[in-house]
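*Asks:* please work out how this folds:
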Amino acid sequence: MIGKTRVGAIGLGAMPMSVGGHMPDEEQSIRTIHAALDAGVTLIDTADAYAPSAEQVGHNERLVAKALALWGGDADSVLVATKGGHVHVTDAPWEVDGRAEYIKQACDASLKRLGVEAIGLYQHHRPDPKVPYEESIGALADLLAAGKIRMAGISNANPEQIRLARSILGDGLVSVQNEYSPRFRSSEPEIEVCQELGLAFLSWSPLGGMKLARELGSRHAAFAEVAAERGVSPYQVCLAWHLARSPIMIPIPGASRPETILDSVRAADLELSPEELARLG
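*Replies:* This is a model prediction of the structure:
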């Protein structure tokens, strides 16, 4: 479990709702989040850097907070995970800032945008090569001690960094969020370390990324074949493949429409046979 979220479940990655210059339709985004929650999703993953532009940092966090405030269910049953350490700058790719003072400032800003006293799961977004990793993780330890975050996670970390974070945070470290999909399988060593240490593995871009997800079936024919045989979408097969990979896995597909996230959620009930998993590789 991560809070009230069961490992081996599916979360909602809220990033595609506001990133890369895209300004989402707010009403549609809120309907999408509500559809996920009504379907039983208990984890929403976001970040301060998920925003249409540098001037709108925190846009996705504010959107998630508004959706939860308008939802008729029990918002306390939902784990909102956010991240800090990526810097959304104007006219340049995302940069990183792993300084302890910046991470603490970013956390304070996220607390205000989410409208909570403590963030359920706060994750260091990406290692900063200019800053010793232990300094960045030390900031998470300080935030835990201050009661500003309830659990800590790390993202885009290698096995050595996972072990170092665990040595600093102890049981305060509950998760690792790295990219993993049929086209990107190089996070296998990190999954193994997470299994060893009992950490949840949150796979981002589990369908291959925003631009390539729609090509999943054509790029990976076995997924399309199994989907056709089962009468489901290739996306369901892909997410079921994730869940079968390890009991610690929580794929967090992005979604911008209610029907998209509902299709993803159905993957939790799709059990693939050993023969099907062998075909998928």
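
*Asks:* give me the neighbour count for L169.
*Replies:* By the criterion of other CB atoms under 10 Å, L169 has 19 neighbours. Backbone N, C-alpha and C define where each C-beta goes, glycine included.

*Asks:* which stretch of helix or strand covers it?
*Replies:* helix 159-169 (DSSP states H and E).

*Asks:* identify the residues contacting that helix?
*Replies:* 124, 127, 133-134, 137-138, 140-141, 144, 152, 154, 157, 173, 176, 189-190, 192-194, 197, 199 (CB atoms under 8 Å, 6 or more residues apart in numbering).

*Asks:* can you give me the strands for the stretch 151-281 of the chain?
*Replies:* Listed in chain order, the strands of the stretch 151-281 of the chain (DSSP state E, counting those that start in this stretch) span 173-179, 200-204, 249-252.

*Asks:* Throw those strands into a markdown table and include mean pLDDT, thanks.
*Replies:* Below are the strands of the stretch 151-281 of the chain laid out as a markdown table (pLDDT from 0 to 100):
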| stretch | mean pLDDT |
| --- | --- |
| strand 173-179 | 98 |
| strand 200-204 | 97 |
| strand 249-252 | 96 |
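
*Asks:* next up, the contacts around I252.
*Replies:* 10-13, 43, 45, 177, 202-204, 206.

*Asks:* what's opposite it in the beta bridge?
*Replies:* W204 (DSSP bridges).

*Asks:* S246: how many residues sit nearby?
*Replies:* Using other CB under 10 Å, the number of residues around S246 comes to 17.

*Asks:* next: S77.
*Replies:* So S77, with other CB under 10 Å, has 12 neighbours.

*Asks:* how far away is the residue lying farthest from the centre of the chain from R279?
*Replies:* Centroid-distance maximum for the chain: E229 at 29.7 Å, with CA atoms, centre = their mean. Note on E229: its distance to R279, by CB to CB, to the nearest Å, is 10 Å.

*Asks:* would you work out how far apart the start and end of stretch 40-59 are?
*Replies:* The straight-line separation of the ends of stretch 40-59 (CA to CA, to the nearest Å) is 24 Å.

*Asks:* how about residues contacting stretch 224-239?
*Replies:* 10, 181-182, 206-207, 213, 216-218, 220, 223, 251, 253, 263-264, 266-268, 270, 272, 276, 279-280.

*Asks:* report the angle between the helix holding L169 and strand 200-204.
*Replies:* 130 degrees (axes from the mean of the first three to the mean of the last three CA atoms, to 10 degrees).

*Asks:* using CSV, write out every CA atom in helix 159-169.
*Replies:* C-alpha atoms of helix 159-169 as CSV (Å, rounded to 0.1, in the frame of the first residue of the first chain):
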residue,chain,number,x,y,z
PRO,A,159,19.7,1.7,-8.5
GLU,A,160,22.6,3.4,-6.6
GLN,A,161,20.5,6.5,-6.0
ILE,A,162,17.5,4.4,-4.8
ARG,A,163,19.7,2.7,-2.3
LEU,A,164,21.2,6.1,-1.2
ALA,A,165,17.8,7.6,-0.8
ARG,A,166,16.7,4.6,1.3
SER,A,167,19.7,4.9,3.6
ILE,A,168,18.8,8.6,4.2
LEU,A,169,15.0,8.4,4.4
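
*Asks:* now the helices for this structure?
*Replies:* 26-38, 59-70, 100-114, 133-145, 159-169, 188-197, 216-219, 221-230, 234-245, 258-265, 274-280 (DSSP state H).

*Asks:* list the buried residues of the third one.
*Replies:* With burial defined by 16 or more other CB atoms under 10 Å, the residues of helix 100-114 counted as buried are 100, 102-104, 106-107, 110-111, 113-114.

*Asks:* repeat that for the second one.
*Replies:* Under the neighbour-count criterion of 16+ other CB under 10 Å, helix 59-70 has 59-65, 67-68 buried.

*Asks:* what angle do that helix and helix 100-114 make?
*Replies:* Going by the same axes, to 10 degrees, helix 59-70 makes 40 degrees with helix 100-114.

*Asks:* much appreciated, bye for now.
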